[in-house]
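Q: Quick one, fold the following:
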Amino acid sequence: MTRFPWIVLLFAAVPGCDSKPPPSAARTPPYVLVDGEKRAADHPATFEIPPREKRVACKVGDLVKVIPEVPPDAPPRSHSGERPRILLKEVLPGPRYLGALDNDPAVFKELKVGDPIEFGPEHIIQIWVDEK
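A: Residues are numbered from 1 along each chain as shown. A predicted model of the protein is given here:
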């Protein structure tokens, strides 16, 4: 081991260097979610959403739709108006929801089925009702 002491140094832990990125380096989503309540208020004749009491009562396993948009400071994309399905995985305090994409978005190609999405009742524009 004394022949190559520098090898040990190469593999030694370096303080402050671990595999986790710092909190400030957390991945920022490539989208912002539309406030469905505001859009419905701005366009009551053409944009309907479920009543608030239904949107705050969603539960794990529900399928909902939200509208992701390109952030104002981001480069434009070719399409807009996408409404991906989100499968609710967890109800958080607030209420807030944590869900997973249920389909691959066409506009935000960097997102895939299963990617997590956090949102609130104000973002829900549709609740899937399975009428078996």
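
Q: what's the helix or strand for residue 39?
A: Using DSSP states H and E, residue 39 maps to helix 36-42.

Q: And the next helix or strand past that helix?
A: Following helix 36-42 in sequence, per DSSP H and E, is helix 52-55.

Q: pLDDT of the helix or strand following that next one, averaged?
A: Next in sequence after helix 52-55, counting helices and strands by DSSP H and E, comes strand 63-65. Strand 63-65 shows an average pLDDT of 97 in the prediction.

Q: Starting from strand 63-65, tell me which strands it pairs with and how they run.
A: strand 85-92 (antiparallel), strand 126-127 (antiparallel) (DSSP bridges).

Q: average pLDDT across the longest one?
A: Over the span of strand 85-92, the pLDDT mean works out to 96.

Q: how far out from the middle of the chain is the helix or strand that comes right after it?
A: Next in sequence after strand 85-92, counting helices and strands by DSSP H and E, comes strand 96-101. In terms of CA atoms, centre = their mean, to the nearest Å, the centre of strand 96-101 is set 7 Å apart from its chain centre.

Q: try stretch 60-71
A: Worked out by CA atoms, centre = their mean, stretch 60-71 lies 8 Å from the chain centre.
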